[in-house]
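K.L.:
Need the 3D shape of this:
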Amino acid sequence: MREKRLLYVGNALSNKGNTVTTIETLSKLLLQEGYDVHITSTKLSKASRLMDMMATVYKQRRVTDYVLLDTYSTVNFWYAVFVSALCRVYKLRYIPILHGGNLPWRLEKNRTLCKILFGNAYKNVAPSMYLYNAFAKAGFENLIHIPNAIKIDDYHWKKRQIFEPRILWVRSFAEIYNPLDALKVLEHIKELYQDATLTMVGPDKDGSLDTCKEYALKRNLNVKFTGKLTRKEWTSLAVDYDVFLNTSQFDNMPVSVVEAMALGLIVISTNVGGVPYLIKDKLNGLLAPPGDIESLVKKITYAVENQKEAQQMVINARQNVENFDWKVLREKWFKVLS
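P.N.:
The predicted structure follows:
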């Protein structure tokens, strides 16, 4: 039994209609390994969440060995700033887990602040080599690369006999993920394949879901919007699809893409952030520039028209993500938390 006591700080909001994030998946894996894990916060409003995070750090300060700190690059970046400052006051060892796809921009924009935040961390955990390299280039040495973990046995790899333009999109509806681009892709791909379909899975974050629904209605696009689904629900749904489309403008190491690769879907993604470190074009998936609808359509067409190549790509993808299995990665976490 491992007796380390961990406080995990992040956005645990799946019970409020949001998607499950690393704080909820990694904390469960660590609990199963015998760690004592306390998480914060489940508060919906940003102000209440920050207050809850700070209050929890204060309450747990004498019984915590390490503070794990999910760190993003947009507004939620400031949670890490304030929580890490409190950790330094109480001399708590904190470990930022670097999720924000636009964190390299933060390193440039807020250099002094980032030097304090990340330079004083016990370790900075980078799930992607994209962020690992960006932080190393910025001069940080307290780095370790640990990918986001999955339990590979939970993902049934389906051997698809033929790839058709049955498209699945899984993400929160937010502008940074460009959900509208998925509809534009469908609109164009239908000119080539009338039977093309699109299902979009995820909760609304900023009104983008209504925008997408209005776009689909005006253009008479037969798109299925499921709303938020659990991991088990959407991965079960995936057996009816062949193509996984990721349209992000910024990204780090999206777990949904890793999961799609584990399921045998051919992943067609924008080549942003950490994605090119995960997917090599025509080796284990297909990449296109962000916002380039024509290129995304061409990539789907390539997969449909080149079946043997598509079959090999999904085999390579599954082999690749087997390295993301918790059984492989847990030793790295044991080492960090030893």
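
K.L.:
Need the contact partners of stretch 117-133.
P.N.:
22, 66, 80-81, 84, 88, 93-99, 103-104, 135, 140, 142-148, 252-253, 273-274, 276-278, 336 (C-beta atoms under 8 Å, 6 or more residues apart in numbering). C-beta coordinates here come from the backbone N, C-alpha and C atoms, glycine included.

K.L.:
Buried residues of it, list them for me.
P.N.:
Across stretch 117-133, burial judged by 16 or more other C-beta atoms under 10 Å covers 117-118, 121, 123-133.

K.L.:
Low-confidence bits of the stretch 51-200 of the chain, can you list those?
P.N.:
Applying pLDDT under 70 to the stretch 51-200 of the chain picks out no residues at all.

K.L.:
Narrow the contacts of stretch 117-133 to those in strands?
P.N.:
Under the assignment DSSP state E, the contacts of stretch 117-133 contribute 66, 93, 94, 95, 96, 97, 98, 143, 144, 145 to strands.

K.L.:
The stretch 51-200 of the chain: strands as residue ranges?
P.N.:
Using DSSP state E, counting those that start in this stretch, the strands found in the stretch 51-200 of the chain span residues 66-71, 93-98, 124-126, 143-145, 166-170, 197-201.

K.L.:
Same question for the second one: list its buried residues.
P.N.:
Going by neighbour count (16+ other C-beta under 10 Å), the buried part of strand 93-98 is 94, 95, 96, 97, 98.

K.L.:
Next, the angle from that strand to strand 66-71.
P.N.:
Going by axes from the mean of the first three to the mean of the last three C-alpha atoms, to 10 degrees, strand 93-98 is angled at 30 degrees with respect to strand 66-71.

K.L.:
can you list contacts of strand 93-98?
P.N.:
With C-beta under 8 Å, 6+ apart, strand 93-98 has contacts from 10, 22, 26, 65-71, 80, 83-84, 87-88, 117-118, 121-128, 131, 135, 252, 336.

K.L.:
What does residue 8 show for phi and psi?
P.N.:
Main-chain torsions, residue 8, degrees, to the nearest 10: phi -110, psi 120.

K.L.:
Any idea how many residues pack against it?
P.N.:
Neighbours of residue 8 under the rule other C-beta atoms under 10 Å: 23.

K.L.:
and if you look at residue 135?
P.N.:
Considering only other C-beta under 10 Å, residue 135 is surrounded by 22 other residues.

K.L.:
and the spatially closest residue to residue 171 that is not a sequence neighbour, what does it touch?
P.N.:
Spatially, and ignoring its direct neighbours in sequence, residue 171 is nearest to residue 177 (4.6 Å; C-beta to C-beta, 6 or more residues apart in numbering). Taking C-beta under 8 Å, 6+ apart, we find residue 177 in contact with 171, 208, 247, 248, 249.

K.L.:
Equivalent analysis for residue 213, please.
P.N.:
Counted by C-beta under 8 Å, 6+ apart, residue 213 has contacts residue 225.

K.L.:
isn't there a helix covering it?
P.N.:
Yes. Counting by DSSP: H, G, I helix; E, B strand; the rest coil, one finds residue 213 located in a helix.

K.L.:
Identify all contacting residues around stretch 65-81.
P.N.:
4-11, 21-23, 26, 46, 49-50, 53, 57, 83-84, 87, 92-103, 105-106, 113, 117, 122, 176, 250, 337.

K.L.:
Please apply the same query to stretch 230-243.
P.N.:
So stretch 230-243 is contacted by 20, 154-156, 158, 160, 162-168, 170, 197, 199, 201, 226, 229, 244, 259-260, 263, 265-266, 268, 300, 303 (C-beta under 8 Å, 6+ apart).
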